[in-house]
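Colleague: After the sequence you'll find the predicted model.
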Amino acid sequence: MSGLRRLVRHPQFALGAKEMAAVSPGLAAWGLMTGVAMVNSGMSVLESVAMTLLVFAGSSQLAAIPLLAAGAPAVVILATAFCVNLRFVVFSAHLRPYLMHLSLWRRLLTGYLTADLSYVMFTRRYPHPCAAAPERSAQVAYLCGGMALNWFSWQAASLLGIALAHSVPTRWGLGFAGILALLGVASSLASSSLRMVSAGVAGAAAVAAFALPFHLNIVVSIAAAVTLCLLAETTLKAARPKP
């Protein structure tokens, strides 16, 4: 408990939460509509609560909801959620050098709490991991502050949506606010020509493959952007003059 108190009292914890607060309203709107969608798709209140607490991944939840409503086989639902969440493999690989000094259970908890916005905002503030203990503690505190508010915003709004499922119509489109929040953060990260081009390629590939079932257009867009970046980096390295 003393370690948790030190973490919460660290100035970077408050800073991480403060910066996450700027985008949490959009995230909360997205969570609200996800809660509404789960109940309106035929899931029970207990099933909806369990899904939002255990899965904690809005995009995969929204991808799985219509499949659950249609009675799709479990393997199809799991495969769809897996494909949509493949980006978290990249997140975990990137965060590994930042968090390997933590115990296993803390790394597992961090993996559960990490979401798109908390990851993006953390890596924007800390592009590189630090080796010194004070700087590592500051990085972890900032990450945990953002993750804590991110988790609370999503869960509180999602549970509220479950409770008010029959009072909040999905046609309001509040979930689009979450997309706008992600778009704003993603745009701020387009700080180089390669990043801008890869974002454009990913968006174009997602639109071009939109007709694919089970939201596989997301997988196609990720594969296209990653392939482009790998080819571009290889080409740039080969073009650099050797010392």
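Modeller: On my side now, so go ahead.
Colleague: Now do residue 85 against residue 232, distance only.
Modeller: Using CB to CB, to the nearest Å, residue 85 is found at 26 Å from residue 232. Every residue, glycine included, has its C-beta placed from N, CA and C.
Colleague: so what does the longest helix out of those in the chain touch, helix or strand wise?
Modeller: Identified as the longest helix of the chain according to DSSP state H is helix 133-163. Based on contacts counted as 3 or more CB pairs under 8 Å, 6 or more residues apart in numbering; DSSP states H and E, the elements that helix 133-163 packs against are helix 2-9, helix 11-21, helix 24-40, helix 45-54, helix 87-99, helix 104-113, helix 116-125.
Colleague: so which of those helices comes closest to residue 63?
Modeller: For the helices and strands packed on helix 133-163, distance to residue 63 was read as CB to CB. The smallest value, 11.0 Å, belongs to helix 24-40.
Colleague: Show me what counts as buried in the closest one.
Modeller: 24, 26-40 (16 or more other CB atoms under 10 Å).
Colleague: Among the residues you listed, which one sits closest to residue 115?
Modeller: Within those, proximity to residue 115 (CB to CB) peaks at residue 27, which comes in at 8.4 Å.
Colleague: Skipping its backbone neighbours, what lies nearest the closest one in space?
Modeller: The spatially closest residue to residue 27, leaving aside those adjacent along the chain, is residue 153, at 5.1 Å (CB to CB, 6 or more residues apart in numbering).
Colleague: what sits against the one you found?
Modeller: Each residue near residue 153 by CB atoms under 8 Å, 6 or more residues apart in numbering is listed here: 20, 24, 27, 28, 31.
Colleague: mind running it again at 7 Å?
Modeller: 24, 27, 28, 31 (CB atoms under 7 Å, 6 or more residues apart in numbering).
Colleague: do you know how far the third one is from residue 137?
Modeller: Just to be clear, that refers to residue 28. Residue 28 sits 29 Å away from residue 137 when distances are taken as CB to CB.
Colleague: Repeat that for the first one.
Modeller: Relative to residue 137, residue 24 is positioned 24 Å away (criterion: CB to CB).
Colleague: pLDDT score assigned to the most centrally placed residue in the chain?
Modeller: Using CA atoms, centre = their mean, the residue of the chain that lies closest to the mean C-alpha position is residue 116, 2.2 Å off. Looking at residue 116, its pLDDT is 85.
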